[in-house]
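Enquirer: using only what follows, build the 3D model:
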Amino acid sequence: MAIPYKRSARGEGPLAIPSQFLVDRSGVIRWKYISDTWRRRLPGKNVLAAITDAMPVVGN
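Expert: This next block holds a predicted model:
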C-alpha cells in the first residue's frame with residue numbers, strides 16, 4: 001500500500017497527512033482514509049459509518 005508523501009510548503013521536511021485505518025483482529029485492513037491535504041480530516045460520523053459497514057456485529 002502506498003502512503004502519499006509530501007513535503008512542507010517551505011520544503012523543510014515531511015508534512016503529516018491525516019490518515020485513518022480500520023484493522024480487524026487478524027491484522028487485515030478493512031477500510032482506509034488518506035486525506036489529500038493536511039487541512040482535511042474525516043468527520044467522526046463518517047468514521048463510525050465506515051466501522052459499521054466494514055465490520056458488522058455478528059452473534060451477540
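Enquirer: low-confidence stretches in this structure?
Expert: By pLDDT under 70, the low-scoring segments of the chain are 1-14, 59-60.
Enquirer: of all residues in the chain, which one is nearest the centre?
Expert: Q20 (2.0 Å; Cα atoms, centre = their mean).
Enquirer: tell me the secondary structure at V58.
Expert: coil (DSSP: H, G, I helix; E, B strand; the rest coil).
Enquirer: for it, the count of nearby residues, please.
Expert: Using other Cβ atoms under 10 Å, V58 is surrounded by 5 other residues. Where you see a C-beta, it was placed from the backbone N, CA and C, and this is true even at glycine.
Enquirer: cool, L22 as well?
Expert: 16.
Enquirer: report the beta-bridge partner residues of it.
Expert: Counting by DSSP bridges, L22 forms beta bridges with W31.
Enquirer: tell me the contacts of it?
Expert: Contacts for L22 (Cβ atoms under 8 Å, 6 or more residues apart in numbering) come out as I29, R30, W31, K32, A50, I51, A54, M55.
Enquirer: tell me the spacing between it and L15.
Expert: Applying Cβ to Cβ, to the nearest Å, the value for L22 to L15 is 24 Å.
Enquirer: list the buried residues for the host helix or strand of K45?
Expert: Using DSSP states H and E, K45 falls within helix 44-54. Neighbour counts using 16 or more other Cβ atoms under 10 Å place A50 of helix 44-54 among the buried residues.
Enquirer: which residues touch that helix?
Expert: Counting by Cβ under 8 Å, 6+ apart, Q20, L22, R30, W31, Y33 sit against helix 44-54.
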